[in-house]
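Asks: Could you work out the structure for the sequence below:
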Amino acid sequence: MIRRALIPLLLVLLMPLAQGCDEMADPEVAADFTLHLFDGRTFTLSKHKGDAVVVNFFASWCIPCRAEAKALETVHQEYIEKKVNFLGIAIKDTDSEARGFVKKYGLSFPTGLDKDEKIKGSFGVYGLPTTFFINGNGLITYTHSGALTEELIKHELDKIL
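Replies: Residues are numbered from 1 along each chain as shown. As a prediction, the model looks like this:
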């Protein structure tokens, strides 16, 4: 009898600790980094202050990464005039395999390989794909683990533009 009375009481006490889908923790400042891109240029996050940035961690062997590649490229093309920078960062991959992935899926936004995984570590990436949405002030406003859809990418971008 006492156990039955304790369960609702525990639920009420623990409720403030739970977050719903529409609640977000305070945004964190994105760690600055410089990535050497496959096209020979470099991408430094801090040089894109004022613009939204979508940072997508992927790998050529990652099946969900393949599933979201078209959505990322489609939204990239749609938002190209809206001060949005897309960046693909391959991790746990080889240079040739990552380049092959970019070519196969027709990714036209900047991409490169995080060879020493320092960028991965500074963002705390532990699974693939993982995508970070960063506002013009350099704050991470949303992190998504798993494959993205066009609808989700647009929804998160529209919130920070």
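
Asks: ok, and what's touching the lengthiest helix in the chain?
Replies: When the chain is parsed with DSSP state H, its longest helix is helix 63-78. With contact meaning CB atoms under 8 Å, 6 or more residues apart in numbering, helix 63-78 is reached by 54, 56, 58-59, 84, 86, 88, 101, 105-109, 128-129, 146-150, 153-154, 157. No exception for glycine: its C-beta is placed from N, CA and C like everyone else's.

Asks: Now which of the residues you listed would you call buried?
Replies: Neighbour counting by 16 or more other CB atoms under 10 Å classes 54, 56, 58-59, 84, 86, 88, 101, 105, 107, 109, 128-129, 147-148, 153, 157 among those as buried.

Asks: Mind checking which of these are in strands?
Replies: Those of the buried ones among the contacts of helix 63-78 mapping onto strands are 54, 56, 58, 84, 86, 88, per DSSP state E.

Asks: Below-threshold pLDDT in this protein: ranges please.
Replies: Across the chain, the ranges flagged by pLDDT under 70 are 1-25.

Asks: Now do the helices in it.
Replies: With DSSP H as the criterion, the chain has helices spanning 2-14, 63-78, 95-104, 118-123, 150-160.

Asks: List the buried residues in the fourth one.
Replies: By neighbour count with 16+ other CB under 10 Å, helix 118-123 contains the buried residues 119-120, 123.

Asks: now the residues you listed in TSV, with distance to residue 137?
Replies: Putting these into TSV (distance: CB to CB, whole Å) gives the following:
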residue	distance to residue 137
119	20
120	23
123	17
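
Asks: and which of those residues is nearest to residue 94?
Replies: Out of those, the one with the shortest distance to residue 94 is residue 120. That distance is 15.3 Å, counting by CB to CB.

Asks: my read: the closest one touches residue 59, true?
Replies: No: using CB atoms under 8 Å, residue 120 is not in contact with residue 59, being 10.6 Å away.

Asks: what touches both of those two?
Replies: Counting by CB under 8 Å, 6+ apart, the contacts common to residue 120 and residue 59 are residue 91.

Asks: returning to what we had before: between all of the ones in strands among the buried ones among the contacts of helix 63-78, which two are separated the most?
Replies: Taking CB to CB as the measure, these span a maximum distance of 17.9 Å, between 58 and 84.
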